[in-house]
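Undergrad: the sequence and its predicted three-dimensional model are supplied below.
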Amino acid sequence: MATSKGVIQGYTGVAAVDAKHQIIVDAQAHGTGSEQELLIPVVAALQEAEIMTEETLITADAGYHSEANLKKLNEMEVDALIADNRMRSRDERFAEQDKHKANPDPLHDKGGKPKQAARYQPKDFDYDAEAGTCFCPAGKQLYSDGSNCIINDYLAVRFKGALRDCGACLLRDKCLQKPDITKTRQVTFLKGKAAGESFTDKMKKRIDSPEGRALYGRRFATVEPVFGNIRYNKRLDRFTLRGRTKVDAQWKLYCMVHNIEMLAHHGYAQ
């Protein structure tokens with residue numbers, strides 16, 4: 001798993017939380033660093049347990065966003081609001097969010113990372129869309145490596161240099177990020193949006209609407225306090241077992257303790 005302290009061997013604890021009383025209705029632990037693939041198993045578990053109703057709205061953060069997930073939720077007829085990585089940049093309410101970030105440590109090394117030399121960008125290549133040709137800054141012709149690619153919902157054309165040209169090129173250091181490892185240069189040109197509106201485009205429109213912002217805004221106050229309670233109050237800041245079965249049991253145990261506490265607070269103890 002990729003963390004702020006580097007890559008570690010670990011597990012991901014996932015929880016689905018009821019918005020009214022912050023009761024955990026499903027909890028799973030998986031040995032994967034990608035949250036995207038964990039969304040559908042949780043939603044499927046909620047459907048199987050018949051917890052969801054026609055009025056249920058699933059909200060999830062950007063870590064669970066992908067075109068495949070949105071397509072699958074549509075097939076499952078599940079109403080959902082899932083943020084994309086650029087959602088906050090489109091929301092004027094977050095325009096001044098940087099001022100709330102912690103100031104850097106005054107004792108931290110101010111040297112920073114050494115700047116890398118600027119490399120040739122696609123604009124530096126001579127691309128002729130009508131002829132379907134591309135020449136690199138060294139004057140060598142690249143060959144087509146995909147004329148109908150789709151990258152982030154955009155139609156694209158990709159070119160790749162020949163090994164005989166790139167291998168002995170005197171401009172390798174300015175063209176390749178890792179000239180000692182990379183054999184040839186690849187360059188991609190976007191041609192415009194692919195035909196049809198993607199599920200990602202539909203989700204962006206909905207989540208950027210006033211209603212979508214109001215509904216999605218409830219997510220933070222619903223699920224984040226639950227993780228805060230388990231992590232800080234219950235002090236589960238690291239799983240102490242190995243193997244998915246044991247870790248899953250430990251995660252469910254802590255989630256059950258959380259639920260008992262919430263139920264007691266809402267009058268079920270009387």
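TA: Thanks, I have the structure now. None of these values were measured; they are calculated from a predicted model.

Undergrad: list the neighbours of the helix ranked longest in the chain that are in contact with it.
TA: The helix of greatest length in the chain, counted in residues with DSSP state H as the criterion, is given as helix 244-265. Residues lying outside helix 244-265 but in contact with it, judged by Cβ atoms under 8 Å, 6 or more residues apart in numbering, are 11, 13, 15, 21-24, 27-31, 226, 229-230, 234, 236, 239-241, 269. In this view, the C-beta of every residue, glycine as well, is placed from N, C-alpha and C.

Undergrad: if we use 10 Å, what do you get?
TA: 10-15, 17-18, 21-32, 226-227, 229-231, 233-236, 239-241, 243, 268-270 (Cβ atoms under 10 Å, 6 or more residues apart in numbering).

Undergrad: any idea how far residue 124 lies from residue 218?
TA: Distance, residue 124 to residue 218, using Cβ to Cβ, to the nearest Å: 47 Å.

Undergrad: over to residue 258?
TA: In terms of Cβ to Cβ, residue 258 sits 19 Å off from residue 218.

Undergrad: who has more neighbours out of these two?
TA: For residue 258 and residue 218, the more surrounded residue by other Cβ atoms under 10 Å is residue 258, and the numbers stand at 23 against 13.

Undergrad: give me the neighbour count for residue 5.
TA: Under the neighbour criterion other Cβ under 10 Å, residue 5 is assigned a count of 6.

Undergrad: quick one: buried residues of the helix or strand hosting residue 212?
TA: Here residue 212 sits within helix 210-216, counting by DSSP states H and E. By 16 or more other Cβ atoms under 10 Å, the buried positions in helix 210-216 come out as 212, 215-216.

Undergrad: likewise for stretch 219-230?
TA: Within stretch 219-230, the residues scored as buried using 16+ other Cβ under 10 Å are 219, 223, 226, 229-230.

Undergrad: how far is it from where the chain is centred?
TA: Stretch 219-230 sits 19 Å away from the centroid of its parent chain (Cα atoms, centre = their mean, to the nearest Å).

Undergrad: got the contact list for that stretch?
TA: Here stretch 219-230 makes contact (Cβ under 10 Å, 6+ apart) with 13, 15-20, 22-24, 27, 57-61, 81-83, 234, 236-237, 251, 254-255, 257-259, 261-262.

Undergrad: out of these, which sit inside strands?
TA: With strands taken from DSSP state E, the overlap with those comprises 13, 15-17, 24, 27, 58-60, 81-82.

Undergrad: buried ones among those residues?
TA: Neighbour counting by 16+ other Cβ under 10 Å classes 13, 15-17, 24, 27, 58-60, 81-82 among these as buried.

Undergrad: which one of those residues is nearest to residue 177?
TA: When these are ranked by distance to residue 177 (Cβ to Cβ), residue 82 comes first, at 32.1 Å.

Undergrad: that closest one contacts residue 216, doesn't it?
TA: Yes: Residue 82 sits in contact with residue 216 when judged by Cβ atoms under 10 Å, with a separation of 8.7 Å.
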